[in-house]
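>>> Sequence first, predicted model second:
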There are 2 protein chains.
Amino acid sequence: MQTLHVELGERRYPIFIGSHLPVQECLAPYIKGRQVMIVSNTTVAPLYMAGYQDALEHAGKQVMTCILPDGEAYKNIDTLNLIFDALLAARFNRDCTVLALGGGVIGDMAGFAAASFQRGVDFVQVPTTLLSQVDSSVGGKTGINHPLGKNMIGAFKQPSVVMADMAQLDTLADRELSAGLAEIIKYALLGDQDFLVWLEAHMEQLVARDANLLAEAVYRSCAHKARIVAADEHEHGDRALLNLGHTFGHAIEAYLGYGEWLHGEAVAAGMVMAADLSCRMGWINAADVNRVRQIIARAHLPTVCPAIPVEQFMALMAQDKKVLAGQLRLILLKQVGQAVISRDATPELIWETIAACQQPAHPVGEQNA
Amino acid sequence: MQTLHVELGERRYPIFIGSHLPVQECLAPYIKGRQVMIVSNTTVAPLYMAGYQDALEHAGKQVMTCILPDGEAYKNIDTLNLIFDALLAARFNRDCTVLALGGGVIGDMAGFAAASFQRGVDFVQVPTTLLSQVDSSVGGKTGINHPLGKNMIGAFKQPSVVMADMAQLDTLADRELSAGLAEIIKYALLGDQDFLVWLEAHMEQLVARDANLLAEAVYRSCAHKARIVAADEHEHGDRALLNLGHTFGHAIEAYLGYGEWLHGEAVAAGMVMAADLSCRMGWINAADVNRVRQIIARAHLPTVCPAIPVEQFMALMAQDKKVLAGQLRLILLKQVGQAVISRDATPELIWETIAACQQPAHPVGEQNA
């Protein structure tokens, strides 16, 4: 078991990472009150909830459960309200704890419920997908979707403790595993060339779910994100680097309808597009772009975006909330392993990237050579 | 015009208090972004909204409005969602500002919307009732009701600036004015004997809406609350003193159905009950209780609670969220002008207080003499 501490002053908390982690020892010391509401979904609950409920009851907690329908389509205000209903029906008070047991959607909704119930109660996260282990474990972003935009309503809410158990990844679909690898690759690309080299050495074993290597990848990813978040908790500056690939990715998701591609898949294609655009700006070379494309392909992730009319793609990008005062802010690569926030990409270059990255074969190298 | 600064470190903000305040000078310097959403209701908007909209547009802002139905009955998740709808339909981004123009209900909902939209945007408060000027101006409590409990869902959200204009009180109903005076009296009773003496000297002029005296009362009340909140922003300690009269009051409101009595009226009767109970505990004497009753009566507020079966009243008190780990925590008076948080009141004494304070005449003095 590895332990990583996210350093946020008095909101400092540990992330336990390993396989078959002991629930009671990991969680109970960080749950102050007696009442615990486990929020999960119809997919995860039958697999893992009983173990958590038993362990926490064994530790003297009063455990209630709230099982939500599974899927991004339910990440809305009505489903959020089901958590409030459960908390109030159980007459839970303000020293209760909300425990999220599931992937990113469950973490986002349970976290927002914890942030809002009685103006804030304690929150514990047990992410059960690779993506949520490396993404929502650190950063405190919670929220729900609105018909007019994704993640538009939410709060920053830090958990008291996070437990990332690699054993739970055994039941994860291959596509979901790859989507998690996309975010892991993102940390390497945006700021850690050593990690990229490590991933290049181990990608096939990660895809084959080697538990020790996955734990190491989760640890390094969380540590990286934790450093960025500790320096910029509320996303006023460098935290935006974590959005590498996301503005392109969100446009893909919005075009296809959320859920058609997984978020990680859209980010994967988005990162190739960010690399392509960085190359067009003269920051990285064609070999760098191919290196980005290679590691993404080896994680069984898409390296091109679906066929989307370029004009429409650009309109969707402009709707992304990373638009600040009307100006499109993109995360691009100064070099592989060093991302920057940039407002310098011209519409013409963005247009070229979108057009180029829709082709199944898009040899940027040959164009620019 | 008086200016009070609420000292909350980097979230420090000013409250401007006076009559016919200049909107543009007071607000514009504290609104960083260009987009402003004025949230108001069907009662207040026709009276005051155009003035604010014009002044802010004159200052170069893009102003949109969102007019909600009036009343506590609408302080729910569906009405909250109307604010999100308006923000997203207007394509407001994360450097926008939500401006609450109205009483406590508007302030609570607009504040929670500001806390949650894009995980937090700027918030400005223009409280238009005496109650909201002295209560929601300071403290940052926002939220909505749930069918199973009042203010159960919300956030702590500090405004960038507050503007309390006494001229707007001219259109306030007498009952609403008195409800505001209840909270003002509360500050005197819980911690400021000098202020109580001042209120005793001026109560009739306050009821007659002397603008200068009202401004002074608002200033002193906000200053008092600001001191408490600055020391305990998230209500872990002394901030609970602000709930003097509230546990009794909430029971009255819950029994009658919210809206039957105004919140301030219920708190007024609740403060007499808290004084009565403090007397039964031997902390203050019968003359003190009568002093409390007198100042409340002179503000045209109820000094007795409606006829409610005692057992039911106690059950409703136990549901109040001030119950911590199952124990009823009451705010009582060690002396007039000094409240304390106490878990020492026995059920028997609470029973006696409820029974005694239901009678139109309830001479505690004679009982205890």
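Perfect, I can see it now.

>>> for the residue lying closest to A:Q2 once chain neighbours are set aside, which residues make a bridge with it?
In this structure, A:Q2 finds its nearest non-sequential neighbour in A:I17, 4.7 Å apart by C-beta to C-beta, 6 or more residues apart in numbering or on different chains. Every C-beta, even on glycine, is put in place using the N, C-alpha and C of the backbone. Under DSSP bridges, the beta-bridge partners of A:I17 are A:Q2, A:A164.

>>> A:Y219 is in contact with A:I17, correct?
Yes: the pair A:I17 / A:Y219 is scored as a contact, 5.2 Å apart, by C-beta atoms under 8 Å.

>>> what do these two both touch?
A:Q2, A:L4 (C-beta atoms under 8 Å, 6 or more residues apart in numbering or on different chains).

>>> how far away is the residue nearest to A:A179 when sequence neighbours are not counted from chain B?
Closest residue in space to A:A179, ignoring its immediate chain neighbours: A:G264 at 2.7 Å, by C-beta to C-beta, 6+ apart. Per C-beta to the nearest C-beta, to the nearest Å, A:G264 is found 21 Å from chain B.

>>> check contacts around A:G264.
Going by C-beta under 8 Å, 6+ apart, A:G264 touches A:L131, A:S178, A:A179, A:G180, A:L181, A:A182, A:E183, A:L301.

>>> If we use 10 Å, what do you get?
Contact analysis of A:G264 by C-beta atoms under 10 Å, 6 or more residues apart in numbering or on different chains lists A:104, A:129-131, A:134-135, A:175-186, A:245, A:249, A:299, A:301-302.

>>> who's in contact with A:L8?
Going by C-beta under 10 Å, 6+ apart, A:L8 touches A:V138, A:G140, A:Q158, A:A226, A:V229, A:A230, A:E233.

>>> sorry, back to before: now the buried members of the contacts of A:G264.
A:104, A:129-131, A:134-135, A:176-186, A:245, A:249, A:299, A:301-302 (16 or more other C-beta atoms under 10 Å in any protein chain shown).

>>> need the helix or strand of chain A with the lowest average pLDDT.
Among the helices and strands of chain A, helix A:364-368 carries the lowest confidence by mean pLDDT, DSSP states H and E, at a mean of 45.

>>> Highest neighbour count among the contacts of A:L8?
For these, the largest neighbour count, defined by other C-beta atoms under 10 Å in any protein chain shown, is 28 neighbours, found at A:V138.

>>> Leaving out chain neighbours, which residue sits closest to that one?
A:K225 (4.3 Å).

>>> List the residues that contact the one you found.
So A:K225 contacts A:6, A:134-135, A:137-139, A:183, A:186-187, A:190-191, A:239, A:242 (C-beta under 10 Å, 6+ apart).

>>> could you redo the last one with a cut-off of 7 Å?
Shown in contact with A:K225 (C-beta atoms under 7 Å, 6 or more residues apart in numbering or on different chains): A:V138, A:G139, A:Y187, A:L242.

>>> Excluding chain neighbours, what is closest to the second one?
This points to A:G139. In this structure, A:G139 finds its nearest non-sequential neighbour in A:V229, 4.9 Å apart by C-beta to C-beta, 6+ apart.
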